[in-house]
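Undergrad: the sequence and its predicted three-dimensional model are supplied below.
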Amino acid sequence: DSGVTQTPKHLITATGQRVTLRCSPRSGDLSVYWYQQSLDQGLQFLIQYYNGEERAKGNILERFSAQQFPDLHSELNLSSLELGDSALYFCASSGQVGNTEAFFGQGTRLTVV
Amino acid sequence: GESVGLHLPTLSVQEGDNSIINCAYSNSASDYFIWYKQESGKGPQFIIDIRSNMDKRQGQRVTVLLNKTVKHLSLQIAATQPGDSAVYFCAESGAGSYQLTFGKGTKLSVIP
């Protein structure tokens, strides 16, 4: 158990809909990262937050947004969903601003139908 | 663009043998390299990391080698066990960068 909790584990939704994925980092970790894992693109960095502030942005679509709350949990919002958004979404956390020993959650499997 | 890739998509080894998983990277500015293990249905699990100022680092049954001249990274697993069966990813980040760039992954299968 990495200590990073993601909910829900599975999500099935229709195209055009909006979903919210939730992540609780390890106790004490200030950094939260979101990654998307698909069969054709592998693991892709989406966005990072540190202590409530956005720190880095990767290949995140404009339809996607994220935030980190004062209690350090984070949410990834995916809107106007398309079939191609079907993927595993992972949250990771670390205790430092950088990526040293980032711990990953179990992921949320999103299926868009 | 910069990318991190793996030489072999699959690797089968006999239980007890040593495994070597290779990774090539193209970003010469990469400062930090990490190996992750991902078992079926689980998130990536940190194995070992190495900074660009090092060429070797050892952990428990694992060794990472970094050859900056040819931009090559390898993960050696000693006495491979069935529990080592998983997909292994190398990842890298540049100095001052907070995002990891992952390779495609190598699937390691251990034959009992």
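TA: That came through fine.
Undergrad: which stretches of the chain have low pLDDT?
TA: Picking chain A for this. A:96-100 (pLDDT under 70).
Undergrad: let's do chain B instead
TA: Looking at chain B by pLDDT under 70, you get B:1-8, B:95-97.
Undergrad: let's go with 50 and repeat that
TA: By pLDDT under 50, the low-scoring segments of chain B are B:1-3, B:5-8.
Undergrad: quick one: what helix or strand has the closest residue to chain A within it in it?
TA: Nearest residue of chain B to chain A, counting by Cβ to the nearest Cβ: B:G43, 3.4 Å away. Backbone N, C-alpha and C define where each C-beta goes, glycine included. Using DSSP states H and E, B:G43 maps to neither a helix nor a strand.
Undergrad: what sits against the nearest residue to B:G41 once chain neighbours are set aside?
TA: Take B:G41 and drop its neighbours on the chain: the residue closest to it by Cβ to Cβ, 6 or more residues apart in numbering or on different chains is A:Q106, 7.7 Å away. Residues near A:Q106 by Cβ atoms under 8 Å, 6 or more residues apart in numbering or on different chains: A:2, A:6, A:9, B:41-43.
Undergrad: for PyMOL, write the selection for the buried entries among the residues you listed.
TA: The buried residues among those can be selected in PyMOL (16 or more other Cβ atoms under 10 Å in any protein chain shown) with this line:
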select buried, (chain A and resi 2+6) or (chain B and resi 43)
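Undergrad: that older thread, next one: the residue of chain B closest to chain A from B:A86, what distance?
TA: Separation of B:G43 from B:A86 (Cβ to Cβ, to the nearest Å) stands at 12 Å.
Undergrad: coming back round to it: for the closest residue to the residue of chain B closest to chain A other than its chain neighbours, which residues are in contact?
TA: Using Cβ to Cβ, 6+ apart and skipping the chain neighbours, the partner closest in space to B:G43 is A:F104 (3.4 Å). Neighbouring residues of A:F104 by Cβ under 8 Å, 6+ apart: A:2, A:4, A:35, A:90-92, B:36, B:43-45.
Undergrad: now do 7 Å
TA: A:2, A:4, A:90, A:92, B:43-44 (Cβ atoms under 7 Å, 6 or more residues apart in numbering or on different chains).
Undergrad: could you dump those residues to TSV with distance to B:K71?
TA: Formatted as TSV, the contacts of A:F104 follow (distance: Cβ to Cβ, whole Å):
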residue	distance to B:K71
A:S2	30
A:V4	31
A:F90	26
A:A92	25
B:G43	27
B:P44	22
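Undergrad: beta partners for the residue of chain A found nearest chain B?
TA: Chain A approaches chain B most closely through A:F104 (3.4 Å), counting by Cβ to the nearest Cβ. A:F104 has the following beta-bridge partners by DSSP bridges: A:A92.
Undergrad: before we move on, the earlier item: tell me the secondary structure for the residue nearest to B:G41?
TA: Assigned state for A:Q106: coil (three-state reduction, DSSP: H, G, I helix; E, B strand; the rest coil).
Undergrad: which positions in chain B make contact with chain A?
TA: Residues of chain B lying close to chain A (Cβ under 7 Å from any Cβ of the partner chain) are B:32, B:42-44, B:46, B:49, B:89, B:93, B:98-100, B:102, B:104-105.
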